[in-house]
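In: here is my input, please return the structure:
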Amino acid sequence: MSGDKVILIIDDDAEFVESNRELLEAYGYAVHSAANGTEGLAKARQLRPDLIILDVMMATLTEGFDVARRIPEAPELRDVKVVLITGMRDVLRFGHALEPDKTWLPVDRVLDKPISPPRLLAEIERLLGGEEKKNDDPTSGVRGS
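Out: Have a look, this model is predicted:
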């Protein structure tokens, strides 16, 4: 299924990026990376990836949220699938659960770090294959609904 699908990983954790690059390339994906949100948005506009894997905490505690909200503002990126991966999923300081939301958090999935390789691959295949979950799973996509 991967064919010539392009994935952009935006994360400042070089070890996370490299291990997932190796995994995804082994399954036939073309993988690019960026170490921060500014670089990530620039690469996304240039590459027009099929999917972005985005960390929340990079230079600031909310950098990933900011990037997630800016992606749909770029016409060339509106159809890009976004998977937010974080260790902050539970309840944030201000009491808001971290779930996909069309306005506040326009992503397709929110997944917990650490994530198992089979789970990450399954979510990517689901998103890039056009197969959306249709159940009560809180990780189901919101964008485009």
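In: and for stretch 47-67, what's in contact with it?
Out: Contact with stretch 47-67 is made by 5-13, 16, 20, 32, 35-37, 40-41, 44, 68, 71, 76-77, 80-88, 105, 107, 124, 127-128, as judged by CB atoms under 8 Å, 6 or more residues apart in numbering. (Glycine included, C-beta is placed from N, CA and C.)
In: oops, could you answer that again for stretch 7-19 instead?
Out: Under CB under 8 Å, 6+ apart, the answer for stretch 7-19 is 20-21, 24, 29-37, 39-40, 43-44, 47, 49-55, 58-59, 64, 67, 85, 113, 124.
In: one more time with 6 Å, if that's ok
Out: By CB atoms under 6 Å, 6 or more residues apart in numbering, the residues outside stretch 7-19 that reach it are 24, 29, 31-35, 40, 43-44, 49, 51-55, 58.
In: which of the contacts of stretch 47-67 are buried?
Out: Buried members of those, counted by 16 or more other CB atoms under 10 Å: 5-12, 16, 20, 32, 35-37, 40-41, 44, 68, 71, 77, 80-86, 88, 105, 107, 124, 127-128.
In: thanks a lot, catch you later.
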